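1. Provided below are the primary sequence and the corresponding predicted coordinates.
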Amino acid sequence: MRGSRKTDSPVIPGPKSAGRRAFLKGSAVAGAGIAAASTGLLAKVNEGRAADGEPIPIGQGAMLSGWAAPDGIEFDRGQKMAIEEINAWGGILGRPLEQRVVDTKEGGPDLVIQAFRRLIDRDNVHAIMCGYNLATLEAEYDPIADAGIVYLHCNTSLAHHGWIQRDADRYFGCFMSDPSEYWYGGGYVQFLSALRDSGKWTPHNNKIAIVNGAQNYSIVIGNSVKENAPAYGFEINYEETVNIPISEWGPTLAKIRNDPPGAICITHYAPADLANFMLQFIPSPTPSLVYMQYGPSLAQFREIGKEAVEGVLYATVIAHLHDEIGQDFVRRYTEKWGAGSSPASGVQTYDQTHLWAISAAIAGGPGEPYDGEEQNRKVADWMRRLSYRGICGSYRFTENAGTHYPAQTNDPSLGLPHQFLQVQDYTQAPVLIAPEPYGVADFVLPPWLG
Amino acid sequence: METLIQVIVSGLTLGAMYAVGTIGLSLVWAALGMLNMAHGVLLAIGGYVSYTLATLWGLPPFLGLLASIVAGAIMGAALYYASVRRLNRHPAFEMNVIIATFGLSVAGENAILKIFGGYPYAQPFKAEGGFRLGGVHVPWHNLLIVGVAAVIMLVIAMVLSRTYTGRAIRATAQDREAARLMGVRVGAVFAQVLAIGGALAGLSGVLLSSITTLSPQVGFDPMLKAFIICVIAGLGNVAGALYMAFALGFFEAVIQFVIGVRFALPLMLLLVIVALIWRPYGVFGREDVSRL
């Protein structure tokens, strides 16, 4: 299965393309300009100083072991790469950044809190950037608030908004740099509907089978699919929840095969488990479009599943775009970390570190934990004030969280796009098929439906 | 009918996975009265040896499998000479050895993490393809695991019943002091059993990681299940543990299909509690334990 270049890809309903080519051309120029402005801004604020001052320690709690390690390793790499670049531009006002990393293993509030306290109390970090940590329950927000430092994560959690709504002043430094998982469910159903309406996919029936992982993230998405499906003419015919790890999918597949749905939506996101699903699905497939949550963005999914994963759709709200800026990042990232690395994950901490560094430099530098809260509040204010065009799209914070395009803004230049991608060739990275104006390839019917 | 076949195939697959993961642990427990908490890391070492030889050194995967058996045996023997031999002299051996092997397990897992990193890999040793049975796809690899479990069971039974080494192991299991007085070199028996257990763990590690993926924690879940199986079967009953592995595999597959996937482990644990209330020494166990 090989993809074709995009001609008229389906979109999530929202803004229609008014000259997509013109927009992309414009945004590439603007993007390059903004990226240049960002680096130029940092260089300007640094006034040509070399990064030879007193180092500023910044931290990361990453799941470097355990089943989420493929992501954790990339989060570590992304931050390392950003720090090298920032230091090459003079650090923050002449002070180089130094990374401190603690392994949060399988995640969870106990391990994450321990890791954060070590970073703050032992390593004296001035800020913490993470990709995601599993099931933290936002327990790390209090140590951050106590220390008065800035923390960026991509936990993609609706619960973040609750904390900020309850006490925005205390949690001034807690930023979720992407939108919450809530938007995935509605976006998925809208995407299916648009695909059906475009005639590029004729569903076997209007049924959707949902297979959730046993974490809040997956369950919120599954519930959102259930909530939105009827409005678009779909019904849920099967719902299952699975634990991590799961390698034997036989009983789940038997139930799906008993009443084959038009679409299968798997919100469980462990890449090895998802690849095993496809390996066991393909020998006796149902006429269903298969969507999986996030996991296929990792190279490991394709390494394990090989041809069996071709045709799988997935979505993410936090990955590099496939435009000029994104492709340049992918090239630099894979040159540095190897062809088997996953820039789609590493970009999370890469963008966070750049965004924080620029804000900190404009604010006059970051403050130390416990004693530097006033200074860190200035940094956080600048983060909220800037609309930063990163590799994943534009970071513009609403309740200290990234803004979803197209659900929270209809301006693609002011949000992080809900990206739909498809694995069309397992030897290559997945291709971005929606939303407008970022899609670069057409949807292709999976081999088992073709 | 198709559904029934699918559930049977899944049960057989899960049972075979549990069986190969359990044999080494059960044998060591039966022969030496020792709960080897390093069993999980021995599984992981087996998987990584095979991966290294086949992927990084380019050797045929079959040689990788053989090397993982040898490596497991060496690690098992090393476990005896580095730790168990000294602990064996102490009256609180059974408790001390649990703590010691747990410590070695943590150290081993971190050593693997340091050398290979946490990134999971696909295990190159795998029987590709499969056949259809009543509309259900049955992978050859799953049958291979079932076959390997059966062969190991037979070989272990033959070694224990028909060889001098087997008699020495049984004598040591029944009464260590009496065996020593009868001229059995109990230390050598310990080393042999741990080497055999390590070899089985090495082999199991390759087979299990070829169904799941290879990571430093690959042995944790199989070891947890193996522990449950050994307890419910009756401590020190190798054959009983293998029967129970398949019984629990089928139980899990049926629960997953009938009630739901997420209920399988809690109900399995509930079954263990009920079984132990009904038979406190395990389904196949006896109060007056005659191991092996």
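-> All right, it came through fine.
2. Could you list which residues are in contact with the residue in the stretch 301-450 of chain A positioned nearest to chain B?
-> Across the stretch 301-450 of chain A, the shortest distance to chain B (CB to the nearest CB) belongs to residue A:304, at 4.7 Å. Any C-beta I mention is one placed from the backbone N, CA and C, and that applies to glycine too. Residues counted as contacts of residue A:304 (CB atoms under 8 Å, 6 or more residues apart in numbering or on different chains) are A:271-272, A:275-276, A:279, B:122, B:213.
3. for the helix or strand of chain B with the lowest mean pLDDT, packing partners?
-> Sorting the helices and strands of chain B by mean pLDDT, DSSP states H and E puts strand B:136-139 at the bottom, at a mean of 85. Contacting strand B:136-139 under the criterion 3 or more CB pairs under 8 Å, 6 or more residues apart in numbering or on different chains; DSSP states H and E are the following elements: helix B:2-32, strand B:130-133.
4. Next secondary structure after that strand?
-> helix B:140-162 (DSSP states H and E).
5. what is the orientation angle of that next one with helix B:2-32?
-> Orientation check (axes from the mean of the first three to the mean of the last three CA atoms, to 10 degrees): helix B:140-162 against helix B:2-32 gives 30 degrees.
6. do helix B:140-162 and chain A meet at all?
-> No: shown here: helix B:140-162 not in contact with chain A (CB under 8 Å from any CB of the partner chain), separated by at least 9.1 Å.
7. Which positions in chain A make contact with chain B?
-> Counting by CB under 8 Å from any CB, chain A sits next to chain B at A:63-67, A:69-70, A:72-73, A:214, A:240-243, A:245-248, A:250-255, A:257-258, A:272, A:276, A:280, A:283-284, A:300, A:303-304.
8. hmm, try it at 7 Å
-> For chain A, the contact set with chain B under CB under 7 Å from any CB of the partner chain comprises A:64-66, A:69-70, A:72-73, A:214, A:240-243, A:245-248, A:250-252, A:254-255, A:258, A:272, A:283-284, A:300, A:303-304.
9. okay, how far is it across stretch A:114-122, tip to tip?
-> 11 Å (CA to CA, to the nearest Å).
10. and residue A:196, how many residues sit next to it?
-> With neighbours defined by other CB atoms under 10 Å in any protein chain shown, the count for residue A:196 comes to 20.
11. got the residue ranges for the helices in the stretch 201-350 of chain A?
-> In the stretch 201-350 of chain A, the helices defined using DSSP state H, counting those that start in this stretch lie at A:216-228, A:250-258, A:271-281, A:299-305, A:324-337, A:343-363.
12. Return the member of those helices having the minimum mean pLDDT.
-> Here the lowest mean pLDDT among these goes to helix A:299-305, at a mean of 88.
13. And residue A:92, how far from residue A:372?
-> Separation of residue A:92 from residue A:372 (CB to CB, to the nearest Å): 13 Å.
14. for residue A:297, that is, sorry about that
-> 36 Å.
15. More neighbours: which of these two?
-> Taking neighbours as other CB under 10 Å, residue A:297 and residue A:372 compare with residue A:297 leading, 29 against 18.
16. and the nearest residue to that one once chain neighbours are set aside, how many neighbours does it have?
-> Nearest residue to residue A:297, sequence neighbours excluded (CB to CB, 6 or more residues apart in numbering or on different chains): residue A:344, at 4.4 Å. Residue A:344 has 27 neighbours, counted by other CB under 10 Å.
17. show me what contacts residue A:344?
-> The contact partners of residue A:344, by CB atoms under 7 Å, 6 or more residues apart in numbering or on different chains, come to A:297, A:319-320.
18. sorry, back to before: with respect to chain A, which of the helices and strands packed on strand B:136-139 lies nearest?
-> Nearest of these (CB to the nearest CB): helix B:2-32, 3.1 Å.
19. Can you classify residue A:102 as helix, strand or coil?
-> strand (DSSP: H, G, I helix; E, B strand; the rest coil).
20. Could you verify my assumption that residue A:226 touches residue A:236?
-> Yes: with contacts counted by CB atoms under 7 Å, residue A:226 reaches residue A:236, the gap being 5.4 Å.
21. Pull up the overlap in contacts between the two.
-> Contacts common to residue A:226 and residue A:236, judged by CB under 7 Å, 6+ apart, are residue A:210.
22. Go through the contacts of residue A:344 and say which is closest to residue B:18.
-> Within these, distances to residue B:18 taken as CB to CB reach their minimum at residue A:297, with 32.2 Å.
23. For stretch B:112-132, give me every contacting residue.
-> So stretch B:112-132 is contacted by A:64-66, A:69-70, A:72-73, A:272, A:283, A:300, A:303-304, B:44, B:47-48, B:50-51, B:54-55, B:61, B:64-65, B:137-141, B:144, B:206, B:209-210, B:213-216 (CB under 7 Å, 6+ apart).
24. switch to 6 Å and redo it
-> A:64-65, A:69-70, A:73, A:272, A:300, A:303-304, B:44, B:50-51, B:54-55, B:61, B:64-65, B:137-141, B:144, B:206, B:209-210, B:213-216 (CB atoms under 6 Å, 6 or more residues apart in numbering or on different chains).
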